[in-house]
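*Asks:* fold the following, please.
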Amino acid sequence: MTELTFGLTIVRHGETQYNKDGFLQGQGIDSPLSEIGLRQAEAAGLYLKDVEFTNVFVSDMLRAQQTAETIMKHNSSCCGLEMVCDPSLKERSFGIAEGRPVQDMRDMAKAAGQSCQDFTPPKGESQEQVKERVKEFLQLMFQRMAADHLHDKGQNETSTSAEPEMSPLEGKADDGVKSIPVHALVVSHGALIRVTLRYFVEELQCPLPLGSDEAHMFSLCPNTGLCRFVLTVKKEGDMVKFSRIHSVFVHRGDHVKE
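*Replies:* Got it, this is the predicted structure:
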């Protein structure tokens, strides 16, 4: 059995005009970034410019791809890296609520006696369906990370399975990954990221980051907000399986506060 420990930084795309106006986009509306969203993506790219990445995975929707391209443009470690576009990372489908004000979905959920998060609009995706996509993506990512890095020179069982130090946060862009040579960047969407974080905590037993609670953990990530985790996977024969995870921080937005 061989193990690989790697950093995972998840970024929500920058703002679109639909975000600004309070309308749902989902999968049916493939909006570009607004002027503010482009500036947010630039700020995220400058914030992360000295953080080393070895892999990049992105939703196949325009707003996520524009955000990822901007981050990669500022980062020398991304020069020559393939941007893997994966439809499993696209936003949740909101069915008939897409293109309508978010308040419309809140009203539909209230009429159905459900919370907005748990409500599935007609022709939309349920939380369980989104979670299945998240699980599909994670398995693809685990396989890709193992294929890319478990056979690198110097990447043997001892070095890859060493548990990283749980150092206190310094508010720096490389918090939690200073000593980890393998690091994936994932750019996706608000609702999908929220489902991902809930899956990490409730099913993968990921502890909450210091100073955080479930209300914060499961809140909507701001545009270009950053979440970071450290994961370990193990390879058994041809299979790559999840081993352990811890969270470094969630929903960090220092780069866009001004």
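*Asks:* distance of the residue in the chain sticking out farthest from the centre from residue 4?
*Replies:* Note on the chain: the largest separation between a C-alpha and the mean C-alpha position, by Cα atoms, centre = their mean, falls on residue 111 (31.5 Å). Using Cβ to Cβ, to the nearest Å, residue 111 is found at 48 Å from residue 4. C-beta here means a position set from N, CA and C on the backbone, and glycine is covered the same way.
*Asks:* what do you get for residue 72?
*Replies:* The gap separating residue 72 from residue 4 is 23 Å, by Cβ to Cβ.
*Asks:* quick check, residue 232 in contact with residue 241.
*Replies:* No: Residue 232 lies out of contact with residue 241 (Cβ atoms under 8 Å); the separation is 10.2 Å.
*Asks:* those two - which one has more neighbours?
*Replies:* Between residue 232 and residue 241, counted using other Cβ atoms under 10 Å, residue 232 has the larger neighbour count: 18 against 12.
*Asks:* secondary structure class for the more buried one?
*Replies:* strand (DSSP: H, G, I helix; E, B strand; the rest coil).
*Asks:* ok, which stretches of the stretch 51-200 of the chain are helices?
*Replies:* Assignment of helices within the stretch 51-200 of the chain using DSSP state H, counting those that start in this stretch yields the ranges 62-73, 102-111, 127-149, 157-161, 190-202.
*Asks:* got JSON lines for the ones you listed, with mean pLDDT too?
*Replies:* JSON lines is the format used below for the helices of the stretch 51-200 of the chain (pLDDT from 0 to 100):
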{"stretch": "helix 62-73", "mean pLDDT": "98"}
{"stretch": "helix 102-111", "mean pLDDT": "95"}
{"stretch": "helix 127-149", "mean pLDDT": "97"}
{"stretch": "helix 157-161", "mean pLDDT": "44"}
{"stretch": "helix 190-202", "mean pLDDT": "98"}
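*Asks:* tell me which of those helices sits nearest to residue 21.
*Replies:* Evaluated with Cβ to Cβ, the helices of the stretch 51-200 of the chain place helix 102-111 nearest to residue 21, the distance being 9.6 Å.
*Asks:* which secondary element of this structure has the worst mean pLDDT?
*Replies:* helix 157-161 (a mean of 44; mean pLDDT, DSSP states H and E).
*Asks:* so the closest residue to residue 231 other than its chain neighbours: helix, strand or coil?
*Replies:* Leaving aside its chain neighbours, residue 231 sits nearest to residue 245 (4.8 Å; criterion: Cβ to Cβ, 6 or more residues apart in numbering). Using three-state DSSP, the secondary structure recorded for residue 245 is strand.
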